[in-house]
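[1] no sequence on this one, just coordinates:
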């Protein structure tokens, strides 16, 4: 669902005969809807477990992809991506983290890290696989094959392996609720808003770069093939960052790891702004950008449970994730508007570096806040 879109932009623009902005708008609408639904899905998982929403989300993905393969009008494209946005809210990282934290309340950080090791390879596997399918079968049949993968792989795994509503690992469930806060209590904690702002600014920058980095690298003098090859390194660098987190980073608190990982983003963009061809600095950009993004996924998953406990993790993480997911939808558009106004990716990079640095500052204030809200006495 997520990585497919980048490869469909040109075929959709060609067949539907509409401007690329309208095509991108459909995907942005899906991300926006996914962000708005994240708190509700997380709260459901807290109360009832993850099996039902993740099975339903996988089935919606099947239906959405099959319908996507049949679109012939712009309104149909928006309707289909709205359906896929609902599916994303029920199947991607946020609900998966809620399921894992519920199942492993005493070892959620390690479990989240292991999951993201596989997630870090998603683009590395599915971009070339999808492109091969498009080249061999055409984009419509390629999308149908992806629907079949969801039906034959994701639906059975979610149905058979995820814990049911009442399932709780023996010996683990008793420890988590004692230190857990309700969403109402968390919303009285200033750290929640500082973290939400930090994550939102960080995700906005990452999403802007994810869409515009090929054009930025070409503006630096790279060919399209060279820019694509450098971009392909970012997925493995995410995995490298997560391997470092599970081997070295686990010795440190998630807050400390988060400051370092979040700081790699503006640093990598500064390198991108300063270097011109030929320069090995572009390789260092890919390393720092990818590793930082890879580790931040773990930090965003683990930090809410560290601060407020695991019992209501789904609702809390969903509430934290909602503005970040909206920023993910807005980031590419914000960068495009800045570029249109300035005519320079240098200006875009300067603003993104400042935004990434602001995110680090907000995170530092959040983790040093001395007066978290305590639960009300009963």
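    Arrived safely, thanks for sending. If you're wondering where the values come from, they're calculated on a predicted model, not measured in any experiment.
[2] so what secondary structure elements neighbour the worst-scoring helix or strand of the chain on mean pLDDT?
    The least trusted helix or strand in the chain, going by mean pLDDT, DSSP states H and E, turns out to be helix 224-232, with a mean of 77. Using 3 or more CB pairs under 8 Å, 6 or more residues apart in numbering; DSSP states H and E as the contact criterion, the elements in contact with helix 224-232 are helix 190-219, helix 281-308. C-beta coordinates here come from the backbone N, C-alpha and C atoms, glycine included.
[3] Redo those helices as TSV? Include mean pLDDT, mean neighbour count and distance to residue 265.
    Compiled in TSV, the helices and strands packed on helix 224-232 are given as follows (pLDDT from 0 to 100; neighbours: other CB atoms under 10 Å; distance: least, CB to CB, whole Å):
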stretch	mean pLDDT	mean neighbour count	distance to residue 265
helix 190-219	90	22	6
helix 281-308	89	24	5
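[4] Dump these to CSV, plus distance to residue 133.
    Converted to CSV, those look like this (distance: least, CB to CB, whole Å):
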stretch, distance to residue 133
helix 190-219, 21
helix 281-308, 25
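[5] Out of the ones you listed, the one nearest residue 181 is which?
    Evaluated with CB to CB, those place helix 281-308 nearest to residue 181, the distance being 4.4 Å.
[6] how far does the closest one sit from the chain's center?
    Once both centres are worked out by CA atoms, centre = their mean, to the nearest Å, helix 281-308 turns out to sit 11 Å from its chain's centre.
[7] And the next helix or strand past it?
    Remark: after helix 281-308, the chain's next helix or strand is helix 313-342, criterion DSSP states H and E.
[8] If I take that next one and helix 190-219, what angle do their directions form?
    Helix 313-342 runs at 40 degrees relative to helix 190-219, counting by axes from the mean of the first three to the mean of the last three CA atoms, to 10 degrees.
[9] For helix 313-342, the averaged confidence score.
    Per-residue pLDDT values across helix 313-342 average out to 87.
[10] how about it: buried residues?
    The neighbour-count criterion (16 or more other CB atoms under 10 Å) identifies 313-336, 338-339 as the buried residues of helix 313-342.
[11] out of the helices and strands packed on helix 224-232, nearest to residue 250?
    helix 281-308 (9.8 Å).
[12] What is the closest one packed up against?
    Packed against helix 281-308 by the contact rule (3+ CB pairs under 8 Å, 6+ apart) you find helix 93-103, helix 108-119, helix 190-219, helix 224-232, helix 234-247, helix 254-274, helix 313-342.
[13] so that helix versus helix 93-103, what angle?
    50 degrees.
[14] Report the angle between helix 281-308 and helix 234-247.
    Angular relation of helix 281-308 and helix 234-247 on a 0 to 180 degree scale: 40 degrees, by the same axes, to 10 degrees.
[15] Let me know the angle separating helix 281-308 from helix 108-119.
    With the same axes, to 10 degrees as the criterion, the two stretches helix 281-308 and helix 108-119 enclose an angle of 150 degrees.
[16] Run through the stretch 1-150 of the chain and note the low-pLDDT ranges.
    In the predicted model, the stretch 1-150 of the chain carries no residue with pLDDT under 70.
[17] Tell me where it has strands.
    Remark: no strands are assigned in the stretch 1-150 of the chain by DSSP state E, counting those that start in this stretch.
[18] which residues touch residue 84?
    Under the criterion of CB atoms under 8 Å, 6 or more residues apart in numbering, the contact list for residue 84 reads 1, 30, 60, 61, 64, 65, 68.
[19] With distance to residue 84 and neighbour count as extra columns, can I get the residues you listed in a markdown table?
    Compiled in a markdown table, the contacts of residue 84 are given as follows (distance: CB to CB, whole Å; neighbours: other CB atoms under 10 Å):
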| residue | distance to residue 84 | neighbour count |
| --- | --- | --- |
| 1 | 5 | 23 |
| 30 | 5 | 26 |
| 60 | 8 | 21 |
| 61 | 7 | 25 |
| 64 | 4 | 26 |
| 65 | 8 | 25 |
| 68 | 7 | 27 |
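[20] Ok, which of the helices and strands packed on helix 281-308 comes nearest residue 362?
    Residue 362 lies closest to helix 190-219 among those, at 3.8 Å (CB to CB).
[21] between that closest one and helix 254-274, how big is the angle?
    30 degrees.
[22] From the chain's centre, how far out is helix 190-219? Work that out for me.
    11 Å.
[23] what angle sits between it and helix 224-232?
    Using the same axes, to 10 degrees, the interaxial angle of helix 190-219 with respect to helix 224-232 works out to 150 degrees.
[24] just checking, what packs against helix 190-219?
    With contacts defined as 3+ CB pairs under 8 Å, 6+ apart, the packing partners of helix 190-219 are helix 224-232, helix 254-274, helix 281-308, helix 313-342, helix 345-367.
[25] Tell me how far the shortest one lies from the chain's centre.
    Right, helix 224-232. The chain centroid and the centroid of helix 224-232 are separated by 22 Å, computed with CA atoms, centre = their mean.
[26] what's in contact with it?
    Contacts to helix 224-232, defined as CB under 8 Å, 6+ apart, come from residues 124, 127, 213, 214, 217, 218, 222, 282, 283, 286.
[27] One more: the second one?
    Among residues not part of helix 254-274, those counted as contacts by CB under 8 Å, 6+ apart are 109, 198, 202, 205-206, 209, 216, 220, 241, 245, 249, 281-282, 284-285, 288-289, 291-293, 295-296, 298-299, 302-303, 306, 346, 349-350, 352-354, 356-357, 359-360, 363-364, 367.
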